[in-house]
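S.K.: Only the shape, not the letters, is given here:
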């Protein structure tokens, strides 16, 4: 592990993205997303994905400065063509629009098609929550999950997240897919030689297994069986269809690719009805009432906030030597200062 | 079991509700809810709850003709005082308002506080789906569920449902709470002497158990651990807080009662963006694409539709002798014709 100054990491990310073709504004937006993702301190779906993004940008697989064009609008509903742009830009764009629609209508929904991977949900949620919105974002992708008891992969996992303002230092914040386990969790467990609960998934023959490796090769299952399946199906509709993008295994016209991401953001003006002060007073009271019943209860978003606060106070972050090498290779390619 | 003509059952429900104090309009609305619930053919959260409602109405515990008054409005967001009214009336009221708000804004959210039990989600969802809306309803109640690994009951189970229009005879329709098992399922399993998966809940000492009876006495757990917990918490915020009602274990002012239901309905004008015809074309294509990958896949809402179609074609429904006795007792009390 190498200890890197957070301010220097931020500068480097910005310079790399700019060098890879993003204009100043877009580089700033995408850097904010990468930094918010990285400061969660989880070590995946963050700066570790940056080398892959740079690769995609340099090969022309992802557009650095997409032109996001309105397809349709109906009052508080809007959808956009994502122009094969960087997912980080698409995600921030629709969340900002959903926020503006919520200002006007109390609630706003903005969807985007033909986008790309956007890391995780939280980077898009934090700022709207800080500004007084209930924020929600959901993504669709390739069918990689089964239905209850079925080994066939029929649908994506609807990765989603929300944030809700409170009076604490952190919002209530949630980020998860609707399979029992993300692919990342299965890989981690496989590497660690651990077993997982047998309801998490099936092997290639459709039999329940406690081996995370066999589930990775087989089929992941939705949380709570038909319950998670039903919730995921809802996600596929409000992303794939409302964005007018692809659904299930539908190939993208032209490229023929399957699993092209669409994202949908929804914002609610949190204090629109009862007022902002009363709203955060009540969300905080929800947490207090639950904690009074179960001392030390873990609140969604709390751990990630604590890790972030620690990183920010130390002003440094540990990155693997492998990541550092990759980032520095790109820096050298672009004639930029390397990280040390 | 007694075989009852469906048309007679409907008439009887209407007469009983009217006799119990509901005016003609309200009796019609509540009857529609009871009939839609009953025709799901599941035998709970339907006409089997009617004797309890009549009891509550006659003792003045529930208002037959509540005055639902607007508390606050912000464009597409509205919340209402439920006036301790019949939950069936509150549920239909907010869904209708959410639909009207969606006409104007594309998406609408309407919440109600100080309501009562509303049977299940589906009776409120079917009609908006038939009329071209994505409909969603969620309810909060007393804290009866734990958090991951915690035996303390910290939150309700956020019973919710949605319906999405398709080109089939049935909408995609979902109705579930976010605990692995409802209390009803646990009772059924206990009666049948069956075991349940050990991740469904904890006994009174906080230990995992496969006994549905011990979970009933202990603590039910949310689907997918922290995932279901996070989703439930979201539900508590958009029902309890947006309705300006009670949260977690907060007592209702005056009565001191805990667990008073608030409900929230959200409607989206399904064809607002891509047009209604294209929308249902795509939702149907989602189902077809999934079924092509997994032949015979069970679609949410399909079984319940099939049961309903069967009941309607037979024009009769089987009710337990016990229910029939109870309904007839009420009919006699009100000097109405009994069911035979």
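M.R.: Sure, I can see it. These numbers come from a predicted model, not from an experiment.

S.K.: my guess is residue A:72 contacts residue B:278, does it?
M.R.: No - judged on C-beta atoms under 8 Å, residue A:72 makes no contact with residue B:278 at a distance of 10.4 Å. The way it works is simple: take the backbone N, C-alpha and C, and place the C-beta from them, glycine included.

S.K.: Remind me what the helix or strand containing residue A:13 packs against, helices and strands.
M.R.: Here residue A:13 sits within helix A:6-19, counting by DSSP states H and E. Here helix A:6-19 touches helix A:24-38, helix A:50-58, strand A:316-319, helix A:321-333, going by 3 or more C-beta pairs under 8 Å, 6 or more residues apart in numbering or on different chains; DSSP states H and E.

S.K.: quick one: the last one to helix A:50-58, angle?
M.R.: Comparing the axes of helix A:321-333 and helix A:50-58 via axes from the mean of the first three to the mean of the last three C-alpha atoms, to 10 degrees yields an angle of 30 degrees.

S.K.: Going by neighbour count, list what's buried in helix A:321-333.
M.R.: By neighbour count on 16 or more other C-beta atoms under 10 Å in any protein chain shown, the buried set for helix A:321-333 is A:323, A:324, A:326, A:327, A:328, A:330, A:331.

S.K.: In contact with the fourth one, which residues?
M.R.: By that I understand residue A:327. Neighbouring residues of residue A:327 by C-beta atoms under 8 Å, 6 or more residues apart in numbering or on different chains: A:12, A:16, A:47, A:50, A:51, A:338, A:339.

S.K.: any chance of these in JSON lines, with neighbour count and pLDDT too?
M.R.: JSON lines is the format used below for those (neighbours: other C-beta atoms under 10 Å in any protein chain shown; pLDDT from 0 to 100):
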{"residue": "A:12", "neighbour count": "23", "pLDDT": "98"}
{"residue": "A:16", "neighbour count": "25", "pLDDT": "98"}
{"residue": "A:47", "neighbour count": "24", "pLDDT": "97"}
{"residue": "A:50", "neighbour count": "24", "pLDDT": "98"}
{"residue": "A:51", "neighbour count": "17", "pLDDT": "98"}
{"residue": "A:338", "neighbour count": "13", "pLDDT": "95"}
{"residue": "A:339", "neighbour count": "19", "pLDDT": "92"}
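
S.K.: How far does stretch A:163-181 sit from its chain's centre?
M.R.: Centroid separation between stretch A:163-181 and its chain, computed with C-alpha atoms, centre = their mean, to the nearest Å, is 12 Å.

S.K.: Compute the first-to-last residue distance for it.
M.R.: Its start and end residues considered, stretch A:163-181 measures 21 Å (C-alpha to C-alpha, to the nearest Å).

S.K.: Name the residues of that stretch that come out as buried.
M.R.: For stretch A:163-181, burial by neighbour count (16+ other C-beta under 10 Å) applies to A:163-166, A:168, A:170-181.

S.K.: Not counting stretch A:88-101 itself, show me its contacts.
M.R.: Under C-beta under 8 Å, 6+ apart, the answer for stretch A:88-101 is A:26, A:29-30, A:32-34, A:53, A:66, A:68, A:76-78, A:80, A:82, A:107-112, A:115-116, A:118-119, A:123-125, A:127-128, A:131, A:133, A:135, A:137, A:263-267.

S.K.: now stretch A:70-78
M.R.: Here stretch A:70-78 has contacts from A:79-81, A:97, A:101-102, A:104-111, A:113, A:242, A:244, B:75-76, B:104-107, B:268-269, B:272-274, using C-beta under 8 Å, 6+ apart.

S.K.: Quick one, which of these are buried?
M.R.: Neighbour counting by 16+ other C-beta under 10 Å classes A:79-81, A:97, A:101-102, A:105-111, A:113, A:242, A:244, B:75-76, B:105-107, B:268-269, B:272-274 among those as buried.

S.K.: any weak-confidence spans in the stretch 51-200 of chain A?
M.R.: Of all residues in the stretch 51-200 of chain A, none has pLDDT under 70.
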